[in-house]
Each structure stands twice: as C-alpha cells, then as structure tokens.
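Visitor: Have a look at this fold, sequence not included:
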C-alpha cells in the first residue's frame with residue numbers, strides 16, 4: 001500500500017503538507033528568513049515523537065483505569081557538537097500522585113512502543129527522483 005503526503009510551496013519559507021483531510025503548515029523562524037508563522041518541520045518531527053509517546057502512556061492508563069491527573073511528559077533533546085543533528089533524546093514522564101507502583105515498569109514498556117521512535121530505530125530506505 002502506498003500512502004502519500006502532498007506539499008504545496010507557499011510564500012517565502014512557508015510550506016503546507018496535505019495528508020488525508022488535514023493540512024499541516026510549516027515555516028522557518030525569523031532568524032532563518034521565515035515569518036515564524038508556523039512550526040518548523042523539525043518542530044513537527046519532535047512533537048510527533050513526544051505525542052506518540054504520550055498516546056501510549058494515555059492508552060496504558062486508560063486500559064488500567066488509572067487517573068492521569070497531574071501526569072506530564074517532557075522530551076529533552078541534545079544536539080550533536082556540530083549543532084546540526086540530534087544525538088540524544090531524554091524522556092521524562094512525571095507520574096501523578098498515587099500512581100500504582102506495580103504498573104510503573106509496564107507503563108515504561110508501553111511508552112517504549114511508540115511507533116515514531118521504533119521507526120527511527122529501524123530507518124526506512126529513502127529515494128529521491130525528479131519527475
């Protein structure tokens with residue numbers, strides 16, 4: 001099955017990606033010649049990684065009827081010395097008060113199921129062609 005995302009070139013550094021019924025806008029920051037009107041593509045990538053992990057945390061808690069009140073997830077990332085690529089992600093999941101001890105390890109395993117992270121761990125082949 002082949003899926004697709006179509007990109008429209010907007011004004012200046014703005015881009016729009018059409019995926020299904022959704023349009024995702026991107027731009028570059030002011031200091032890189034953009035308008036700062038939307039997240040950068042890298043911001044979207046990082047947000048997808050964080051929200052994917054959050055999805056698995058939520059699914060786990062819902063399956064066990066565990067309240068998520070007070071639960072937070074933060075992902076910090078460290079850039080490589082050349083400042084171009086990320087070389088480390090650190091996930092920090094703050095549990096709500098009273099989170100059952102017996103489910104802590106299982107919750108970590110559930111968050112580790114994130115498909116975006118798994119995709120990074122097993123990268124696909126990339127092809128580029130002019131048509």
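Guide: Everything's here; your move. The model shown is predicted, which means the values in this text are computed figures rather than measured ones.
Visitor: switch to C-alpha atoms for all contacts and neighbour counts from now on
Guide: Noted.
Visitor: got the domain boundaries for the chain?
Guide: Domains of the chain are assigned by automatic domain parsing as 1-38, 40-121.
Visitor: The last one: end-to-end distance?
Guide: In terms of CA to CA, to the nearest Å, the two terminal residues of domain 40-121 are separated by 23 Å.
Visitor: just checking, what packs against whichever helix in the chain runs longest?
Guide: For the chain, the helix that runs over the most residues, judged by DSSP state H, is helix 41-63. Of the remaining helices and strands, those touching helix 41-63 by 3 or more CA pairs under 8 Å, 6 or more residues apart in numbering; DSSP states H and E are strand 72-79, helix 104-111, helix 115-121.
Visitor: repeat that for 10 Å
Guide: Contact partners of helix 41-63 among helices and strands, from 3 or more CA pairs under 10 Å, 6 or more residues apart in numbering; DSSP states H and E: strand 22-26, strand 72-79, strand 86-94, helix 104-111, helix 115-121.
Visitor: List the neighbours of that helix that are in contact with it.
Guide: 15, 24-28, 38-40, 64-68, 71-77, 89, 91, 93, 99, 103, 106-117, 120 (CA atoms under 10 Å, 6 or more residues apart in numbering).
Visitor: May I see the helices and strands packed on helix 41-63 arranged in TSV, with mean neighbour count, mean pLDDT and distance to residue 9 as well?
Guide: Output for the helices and strands packed on helix 41-63, formatted as TSV (neighbours: other CA atoms under 10 Å; pLDDT from 0 to 100; distance: least, CA to CA, whole Å):
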stretch	mean neighbour count	mean pLDDT	distance to residue 9
strand 22-26	16	97	10
strand 72-79	13	96	28
strand 86-94	12	95	26
helix 104-111	15	98	35
helix 115-121	12	95	26
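Visitor: okay, those in a markdown table with distance to residue 49 next?
Guide: Below are the helices and strands packed on helix 41-63 laid out as a markdown table (distance: least, CA to CA, whole Å):
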| stretch | distance to residue 49 |
| --- | --- |
| strand 22-26 | 16 |
| strand 72-79 | 9 |
| strand 86-94 | 10 |
| helix 104-111 | 11 |
| helix 115-121 | 6 |
